[in-house]
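**Student:** test case, fold it:
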Amino acid sequence: MPGGSLTLNDAVRLVSRARAAGETVVFTNGVFDLLHPGHIRYLRDAKALGDVLIVGLNSDRSARALGKAPGRPINPEQERAEVLAALAPVDAVVMFDEDTPHAIVSALQPDVLVKGADWGETEIIGRDVVEARGGRVVRIPLAAGYSTTAMVDRIRRG
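**Tutor:** Next up, the predicted model:
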């Protein structure tokens, strides 16, 4: 993966190969700035739901559009992609610049769409696409005590 991420077209080809092999494709997305054990557990749990885990990564612009605190994300998009792509549970990373991952979910048509349990069922972007093709949406409980925002606050306080 050059720079840690695939193009959307390459990810679509990956999904086609996985489907031809009878594999289940799982998709999740996020900013993934300053990784912590909660992120790792989340990604491990997501991967356990299928065979191929594709992570949609918010670009820097997209992350800022989410209303993150000033100066966030701390790590630039290419570095976040490289770190994510190196994790054992992650098979591919696809960067997106849009405000939501709906276009990626529509293009990839994953079998399983995963979000953290902090997302309400009706808030999950792409749910309509996945359920329309008979896929499922899974909300994974967050690991207690881990938060990138809390990490940033601790660092700033010294």
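**Student:** below-threshold pLDDT in this protein: ranges please.
**Tutor:** Residues of the chain meeting the criterion pLDDT under 70: 1-3, 68, 146, 148-153.
**Student:** give me the three-state assignment for Val26.
**Tutor:** Under DSSP: H, G, I helix; E, B strand; the rest coil, Val26 falls in the strand class.
**Student:** and it, how far is that from Arg61?
**Tutor:** 26 Å (Cβ to Cβ, to the nearest Å). The C-beta positions use only the backbone N, C-alpha and C, and glycine is treated the same way.
**Student:** comparing those two, which residue is more hemmed in?
**Tutor:** The neighbour comparison of Val26 against Arg61 (other Cβ atoms under 10 Å) goes to Val26, with 26 against 11.
**Student:** leaving out the residues flanking it, which one is nearest to the more buried one?
**Tutor:** Nearest residue to Val26 in three dimensions, chain neighbours excluded: Gly50, at 3.9 Å (Cβ to Cβ, 6 or more residues apart in numbering).
**Student:** quick check: that neighbour is in a strand.
**Tutor:** No. Gly50 is assigned coil when assessed by three-state DSSP, not a strand.
**Student:** is it true that it touches Thr28?
**Tutor:** No. Taking contacts as Cβ atoms under 8 Å, Gly50 lies outside contact range of Thr28: 10.8 Å.
**Student:** higher neighbour count, the two?
**Tutor:** The residue with more neighbours, out of Gly50 and Thr28, is Thr28; 25 against 20, by other Cβ under 10 Å.
**Student:** name all residues that make contact with the more buried one.
**Tutor:** With contact set as Cβ atoms under 8 Å, 6 or more residues apart in numbering, Thr28 has these partners: 42-43, 46, 53-56, 113-115.
**Student:** so who does the closest residue in space to Ser106 that isn't next to it in sequence touch?
**Tutor:** In space, and not counting its chain neighbours, Ser106 is closest to Val129: 5.2 Å by Cβ to Cβ, 6+ apart. For Val129, the contact set (Cβ under 8 Å, 6+ apart) comprises 102, 105-106, 109.
**Student:** ok, residues contacting the biggest helix by length in the chain?
**Tutor:** Identified as the longest helix of the chain according to DSSP state H is helix 8-20. Helix 8-20 has contacts (Cβ under 8 Å, 6+ apart) with 6, 24-25, 51-52, 54, 91-92, 94, 96, 104, 107-110.
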